[in-house]
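Participant: how does the following fold in three dimensions:
(4 chains)
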2 protein chains.
Amino acid sequence: MVAQRGRHNGAAAHKRTRSPGVPDADNAPTAELPAVAENGSDQQVRARSIPEAAVARLAVYLRVLSAMAEQGATTVSSEELSNSAGVNSAKLRKDLSYLGSYGTRGVGYEVQVLVGQIERTLGLTRQHRVAVVGIGNLGHALANYGGFPGRGFPVEALFDIDPDLIGVPVGGVPVSHLDDIRQVCAERQISIGVIATPPAAAQTVCDRLVAGGVQCILNFAPVVLQVPEHVEVRKVDLAVELQILSFHVARRADAEAAEGPVSGNGAVMRS
Amino acid sequence: MVAQRGRHNGAAAHKRTRSPGVPDADNAPTAELPAVAENGSDQQVRARSIPEAAVARLAVYLRVLSAMAEQGATTVSSEELSNSAGVNSAKLRKDLSYLGSYGTRGVGYEVQVLVGQIERTLGLTRQHRVAVVGIGNLGHALANYGGFPGRGFPVEALFDIDPDLIGVPVGGVPVSHLDDIRQVCAERQISIGVIATPPAAAQTVCDRLVAGGVQCILNFAPVVLQVPEHVEVRKVDLAVELQILSFHVARRADAEAAEGPVSGNGAVMRS
DNA sequence: GCCGCTTTGTGCCTGCGTTCACAAATGAAC
DNA sequence: GTTCATTTGTGAACGCAGGCACAAAGCGGC
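Facilitator: Next up, the predicted model:
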């Protein structure tokens, strides 16, 4: 291998497609499914695996498909669906192929079938009880989000440390004390914990959630959480998002300044 | 450069480190800077292009470094910093190398220098005025976030369609009407728009923000926005995040069921 | 001043995700 | 039944990003 990588045609042409914003996933540890491969132990299995990035997109497809179903559509082509979801159609087909072969060549996909398969794959056929910790501005908003967007994520527990809040119902669920996280989560079989506390409290809260049997954590606090191997963490960081945008503003401004202040044009014009 | 790199292979080892949750970025279009290599107007831009994923991590490093600086640290090693940020030390060094060479071999990095360089690169030396559209639960929370986490992102405008809200100050800024987005944004030189409206309104709001000169959009509404080439969009989608977590719960449950019901309990529990 | 220790900066390799392009499959037309 | 138009499913290529391991570069001790 190696050796001269001859030029393949194209040189690509840089599509510059504006990636419209699939939230994307982590660096894709490629989450695997079952396993089967009779291997021995914990060493990650081969088996079929769905890249995390694809999982994120599946969720988007699901939303688009649900909307289409409501409008009475019964079938869609990959072209159609990929346009609505803002991705390339080949990527979409590959993503769907992770679910199995549910399309009909020459025709497209049946909307209902696809919805069902995606829901099954994403585990949306079960309920996932959610706890929100930290009933400040954000936590309040999350608790009121109304059973959480879409189906299947009922908020079953709220926690805060403020004595004035304890017992007060928010969005129909009374607030419990931070100290009771472990017990309450275990009792109510919480599977997803949402951390909306100040950064200083986040790690402690996280530890308690884990102790209470929570398997997945959605973290809004700007800290890097330490968790045991078997717990899944996703992070939503407002400051980071803004700073990334800031970077793009700056980049663009620099580019403009370099390439010709004002529309005057003037020189340089590199590249 | 140079000769014979013997076999440093090692070739494997697969650490399988649990990526703890850098929010990560999109599929990294690797934003590039112009160039202007020579002609050092000042000490500016390195011309190099920084992968978007690296930009996201730089923001995390910045936070960690700020915390360290507050505690009086003056230097850090890549090992130290990478631990706190939850990444591999080699990756960290590579990320920092995009900024230029600001470390001292055998010693480490000067905290203050690093903070300064990251801030400069991320464009945090300028102010980025923010507008929040949709003052519901979430928008309210965002508006109250107190000038937004960290420095440099003052909320300068709020918008909603509810007549009862117009004129009411939230977090110190009075709410304007949706119809005035274009004008107000232009007047106040808003550079970042945050969309926290119901999905149905999001595209219209987005169009108005763009018309008002907004260059970057942070979208909390669960829709794929269509924007012109020059506008940058980042999406935060709660439903998607939850569904990804749901997927992991399901995956784990399946794996467990398949691989052998751990610790006694033989029921398979096929849903 | 030399040596050895520490830590950075980076070339190289590997693997993953995206994309292209095409064969296979299907339905419709005749 | 055969042919044609469509659209899926996927093998292969490509490029980026992550990670390892090492050379280069300072610092401190002797």
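Participant: least trustworthy helix or strand in chain A by mean pLDDT?
Facilitator: Across the helices and strands of chain A, the lowest-confidence element by mean pLDDT, DSSP states H and E is strand A:31-32, at a mean of 43.
Participant: return the list of strands paired to the helix or strand following that strand, each annotated with direction.
Facilitator: The element immediately downstream of strand A:31-32 (helix or strand, assigned by DSSP states H and E) is strand A:49-50. Here strand A:49-50 has these sheet partners by DSSP bridges: strand A:31-32 (antiparallel).
Participant: list the buried ones in the longest helix along chain A?
Facilitator: Counting residues, the longest helix in chain A under DSSP state H turns out to be helix A:238-259. For helix A:238-259, a neighbour-count test (16 or more other CB atoms under 10 Å in any protein chain shown) marks A:238-252, A:254-255, A:258-259 as buried. From N, CA and C alone the C-beta is placed, and that goes for glycine too.
Participant: what do you get for stretch A:54-69?
Facilitator: A:54-66, A:68.
Participant: looking at it, A:Ser66 is touching A:Val115, isn't it?
Facilitator: Yes. Counting by CB atoms under 8 Å, A:Ser66 sits close enough to A:Val115 to count as a contact (6.3 Å).
Participant: and the one helix or strand A:Leu92 maps to, anywhere near DNA strand C?
Facilitator: Secondary structure from DSSP H and E places A:Leu92 in helix A:89-97. Yes. For helix A:89-97 and DNA strand C, the contact criterion (CB under 7 Å from any atom of the strand) is met by A:90-91, A:93-94.
Participant: strands along chain A, start to end?
Facilitator: Taking DSSP state E, the strands of chain A run over residues A:31-32, A:49-50, A:75-76, A:103-104, A:108-110, A:130-133, A:155-160, A:169-170, A:173-177, A:192-195, A:216-219, A:232-235.
Participant: reformat those as TSV; add mean neighbour count and distance to A:Val210.
Facilitator: What follows is those, written out as TSV (neighbours: other CB atoms under 10 Å in any protein chain shown; distance: least, CB to CB, whole Å):
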stretch	mean neighbour count	distance to A:Val210
strand A:31-32	18	19
strand A:49-50	20	25
strand A:75-76	20	41
strand A:103-104	16	40
strand A:108-110	19	39
strand A:130-133	28	12
strand A:155-160	24	14
strand A:169-170	14	24
strand A:173-177	17	17
strand A:192-195	29	8
strand A:216-219	25	8
strand A:232-235	23	10
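Participant: any chance of the ones you listed in CSV, with distance to B:Ile50 too?
Facilitator: Supplementary listing: the strands of chain A in CSV, determined by distance: least, CB to CB, whole Å:
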stretch, distance to B:Ile50
strand A:31-32, 28
strand A:49-50, 29
strand A:75-76, 38
strand A:103-104, 39
strand A:108-110, 39
strand A:130-133, 34
strand A:155-160, 39
strand A:169-170, 42
strand A:173-177, 43
strand A:192-195, 29
strand A:216-219, 25
strand A:232-235, 20
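Participant: want to throw those strands into CSV with distance to DNA strand C?
Facilitator: Conversion of the strands of chain A to CSV gives the following (distance: least, CB to the nearest atom of the strand, whole Å):
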stretch, distance to DNA strand C
strand A:31-32, 9
strand A:49-50, 7
strand A:75-76, 11
strand A:103-104, 5
strand A:108-110, 10
strand A:130-133, 26
strand A:155-160, 31
strand A:169-170, 37
strand A:173-177, 36
strand A:192-195, 22
strand A:216-219, 19
strand A:232-235, 15
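Participant: ok, of those, where does mean pLDDT dip lowest?
Facilitator: Across the strands of chain A, strand A:31-32 has the smallest mean pLDDT, namely a mean of 43.
Participant: counting by contacts, list what the longest helix of chain A packs against.
Facilitator: Other elements packing on helix A:238-259 under the criterion 3 or more CB pairs under 8 Å, 6 or more residues apart in numbering or on different chains; DSSP states H and E are helix B:52-70, strand B:192-195, strand B:216-219, strand B:232-235.
Participant: tell me which of those sits nearest to DNA strand D.
Facilitator: If you check each of the helices and strands packed on helix A:238-259 against DNA strand D by CB to the nearest atom of the strand, helix B:52-70 wins as the nearest, at 4.1 Å.
Participant: ok, that closest one near DNA strand C or not?
Facilitator: No. Judged by CB under 7 Å from any atom of the strand, helix B:52-70 makes no contact with DNA strand C; its nearest approach is 11.3 Å.
Participant: follow-up on the earlier one: for B:Thr75, find the nearest of the strands of chain A.
Facilitator: Smallest distance to B:Thr75 across the strands of chain A (CB to CB): 27.5 Å, for strand A:232-235.
Participant: does the closest one come close to DNA strand D?
Facilitator: No. Between strand A:232-235 and DNA strand D, judged by CB under 7 Å from any atom of the strand, nothing touches; the nearest distance is 14.5 Å.
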